[in-house]
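Chemist: model the following, please.
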Amino acid sequence: MGVGQIAGLMLFFAALAANLVAIATPGWFYVINTSPTYSAGLFTILFESTSLEVPRAASENVAFAFSIIADVFLIAAIVVVAIASCKDLVGIVEKLGGLLGLSASLFIMMGMAVYTGLKLTTTVDFVFITWGYSFALGWASFVLAFIGGIVALI
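Modeler: Numbers count the residues shown, from 1 in each chain. Predicted coordinates for the structure are as follows:
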């Protein structure tokens, strides 16, 4: 197992974990300077200590769909890199894990960009909104998957 494959594998695991946490947590954005303050995720709105399930808008649906597709690609990349590193395969199989990781990063980027754009255009008073930790984890998973894909290809 080469150093690039180990590094790519670790980056893929980190990207998958960050993306799954981003999907599941209610910290995509915070509404501040209003009463009551609250945070919202893809599935729930958290009013201080009360969690409410809300219908998802187009931005949440797109981010969720692209994130799930990216997670499938990341799992496939992890499996392919692990198999390729154990069997000492040569050729395209060796590079397939990196290509799958790069594809996953593309899907994450599209979902996050669409979410960002739709939130900016559909929010009336953007002055009261700040991005949260789940949003940051989503973008971090893009960076991790992209770097992991490049490292796994090398």
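Chemist: quick check on Ala40: phi, psi?
Modeler: Ala40 has phi and psi values of phi -130, psi 150 when expressed as degrees, to the nearest 10.
Chemist: quick one: contacts for it?
Modeler: By Cβ atoms under 8 Å, 6 or more residues apart in numbering, Ala40 lies in contact with Pro26, Trp28, Phe29, Tyr30, Val31, Leu46, Val54. The C-beta positions use only the backbone N, C-alpha and C, and glycine is treated the same way.
Chemist: apply 10 Å and report the result again.
Modeler: By Cβ atoms under 10 Å, 6 or more residues apart in numbering, Ala40 lies in contact with 26-31, 46-47, 52, 54, 60, 119, 129, 132, 134.
Chemist: ok, which stretches of the protein are helices?
Modeler: Secondary structure of the chain, counting by DSSP state H: helices at 3-24, 58-87, 92-122, 133-153.
Chemist: figure out which of those is closest to Ser39.
Modeler: Among the helices of the chain, helix 133-153 comes nearest to Ser39, with 8.7 Å by Cβ to Cβ.
Chemist: may I see the buried residues of that closest one?
Modeler: With burial defined by 16 or more other Cβ atoms under 10 Å, the residues of helix 133-153 counted as buried are 133-135, 137-153.
Chemist: where does the protein have low pLDDT?
Modeler: Applying pLDDT under 70 to the chain flags the ranges 1, 33-38, 51-52, 54-56, 87-91, 93-94, 119-128.
Chemist: what count of nearby residues applies to Leu20?
Modeler: Residues lying near Leu20 (other Cβ atoms under 10 Å) number 16.
Chemist: which one of the helices of the chain is the most hemmed in?
Modeler: helix 133-153 (a mean of 22; mean count of other Cβ atoms under 10 Å).
Chemist: does Leu74 touch Gly101 like I think?
Modeler: Yes: contact between Leu74 and Gly101 holds when scored by Cβ atoms under 10 Å: they sit 6.9 Å apart.
Chemist: dump the residue contacts of the residue nearest to Ala82 when sequence neighbours are not counted.
Modeler: Residue nearest to Ala82 in three dimensions, not counting chain neighbours: Leu9, with 6.5 Å by Cβ to Cβ, 6 or more residues apart in numbering. By Cβ under 10 Å, 6+ apart, Leu9 lies in contact with Met1, Ala77, Ile78, Val81, Ala82, Ser85, Gly97, Gly101, Gly148, Val151, Ala152.
Chemist: good, we can wrap up now.
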